[in-house]
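>>> quick one, structure for this:
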Amino acid sequence: MRIDIVNGPNLNLLGLREPDIYGTVSFSTYLEGLKADFPEVDIRYYQSNIEGELIDYLQACGFVCDGILLNAGGYTHTSVALSDTLAAITSPVIEVHISNIHAREEFRQQSLMARNCIGGITGLGLDGYRLGILHFLSIGS
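Here you go, the predicted structure:
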């Protein structure tokens, strides 16, 4: 099974940025642990701060992988183009957010991605990615 994790803007700063919200662990450290916990899964990772690069990556993996865990960061609330990409691809997508977007600023409480995802995990920290993998394994995407 192949699962692609796609992270959007500023998620390259995990471990450094706003540790009270996002924690102190870098995503590269967390990813090593995920790969060790799920050796049977081909976990691929992509991060970009650039909307068009995220779209290009989703188009490239979105017809061949078994599932996508997407944390679109700030684009969650603004990018019609990313949402349209999710509607166009065939791989199932789970939206992941480290913080609880529904308990944050009003503008963060709306996701343009949600309508094109099979589900969402929000507010459970980095553990949301692990839970997403477990879900894909349980449904055998």
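>>> what are the buried residues along the lowest-mean-pLDDT helix or strand in the chain?
Each helix and strand of the chain was given a mean pLDDT (mean pLDDT, DSSP states H and E); the minimum falls on helix 19-22 at a mean of 85. Buried residues in helix 19-22, counted by 16 or more other C-beta atoms under 10 Å: residue 22. Every C-beta, even on glycine, is put in place using the N, C-alpha and C of the backbone.
>>> and stretch 52-67, by the same measure?
54-55, 57-58, 61-62, 65-67.
>>> please apply the same query to stretch 85-102.
Neighbour-count burial for stretch 85-102 [16+ other C-beta under 10 Å]: 85-86, 89, 91-99, 101.
>>> tell me the mean pLDDT over that stretch?
Averaged across stretch 85-102, pLDDT comes to 94.
>>> tell me how far that stretch lies from the chain's centre.
6 Å (C-alpha atoms, centre = their mean, to the nearest Å).
>>> dump that stretch to CSV, restricted to CA.
The C-alpha coordinates for stretch 85-102 follow below in CSV (Å, rounded to 0.1, in the frame of the first residue of the first chain):
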residue,chain,number,x,y,z
THR,A,85,-7.5,19.3,-7.6
LEU,A,86,-8.9,17.0,-4.9
ALA,A,87,-12.2,16.7,-6.9
ALA,A,88,-10.3,15.8,-10.0
ILE,A,89,-8.0,13.0,-8.6
THR,A,90,-9.2,9.5,-7.8
SER,A,91,-7.1,8.6,-4.8
PRO,A,92,-9.0,9.0,-1.5
VAL,A,93,-7.9,12.0,0.6
ILE,A,94,-8.1,12.5,4.4
GLU,A,95,-7.7,16.1,5.5
VAL,A,96,-5.3,16.3,8.5
HIS,A,97,-4.8,19.3,10.8
ILE,A,98,-2.4,19.3,13.8
SER,A,99,-4.4,22.0,15.7
ASN,A,100,-8.2,22.0,16.1
ILE,A,101,-9.1,24.4,13.3
HIS,A,102,-12.7,24.6,14.7
